[in-house]
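In: Pasting the sequence and the predicted coordinates here, then a few questions.
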Amino acid sequence: MPDGALLYDAEGQLTTDPARAVKGELVDHDDEGRPRRTWFLIEEVEIKWLPISESAFLLWVLALFVCAWIVAAIVIRFA
């Protein structure tokens with residue numbers, strides 16, 4: 001973790017564990033020694049038109065891509 005990093009967990013408490021951080025500010029230096037600040041924020045977003053959770057939706061999309069890949073491989077193999 002770079003010097004000058006401020007990391008906050010979901011409750012807004014300062015933390016040193018990057019895995020628990022959901023927002024923060026990182027201060028790094030470029031090749032010329034100038035400070036470069038990077039802010040980040042991770043938030044859970046609910047997609048209102050989606051009747052299932054985002055992770056379930058992404059698993060279904062992955063399953064559809066794998067099925068399409070298998071069907072394409074079979075069609076190409078026996079065409």
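Out: Here it is on my side, so go on. Everything numeric in this text was worked out from a predicted model, so none of it was measured. Numbers count the residues shown, from 1 in each chain.

In: Leaving aside the residues adjacent along the chain, what's closest to the most centrally placed residue in the chain?
Out: The geometric centre of the chain, computed from its C-alpha atoms, lies nearest to residue 42 (CA atoms, centre = their mean), at 8.1 Å. In this structure, residue 42 finds its nearest non-sequential neighbour in residue 22, 4.7 Å apart by CB to CB, 6 or more residues apart in numbering. The way it works is simple: take the backbone N, C-alpha and C, and place the C-beta from them, glycine included.

In: Can you report how many residues neighbour that neighbour?
Out: 16 (other CB atoms under 10 Å).

In: got it, and residue 8?
Out: 16.

In: Kindly report the same for residue 21.
Out: 20.

In: and the residue lying closest to it once chain neighbours are set aside, what pLDDT?
Out: Closest residue to residue 21 apart from its sequence neighbours, by CB to CB, 6+ apart: residue 7 at 3.8 Å. Per-residue confidence at residue 7 stands at 84 (pLDDT).

In: got the contact list for residue 7?
Out: Taking CB atoms under 8 Å, 6 or more residues apart in numbering, we find residue 7 in contact with 1, 14-18, 20-21, 23-24.

In: before we move on, back to that, so the residue nearest to the centre of the chain makes contact with residue 20?
Out: No: in this structure residue 42 lies outside contact range of residue 20 using CB atoms under 8 Å: 10.8 Å.

In: related to what we said a few turns ago, quick one, which of the contacts of residue 7 are buried?
Out: Buried residues within the contacts of residue 7, counting neighbours by 16 or more other CB atoms under 10 Å: 15, 21, 24.

In: For the first one, which non-adjacent residue is spatially closest?
Out: In other words, residue 15. Closest to residue 15 by CB to CB, 6+ apart is residue 9, at 4.6 Å.

In: Around the one you found, count how many other residues there are.
Out: 15.

In: can you tell me how far it sits from residue 71?
Out: Using CB to CB, to the nearest Å, residue 9 is found at 45 Å from residue 71.
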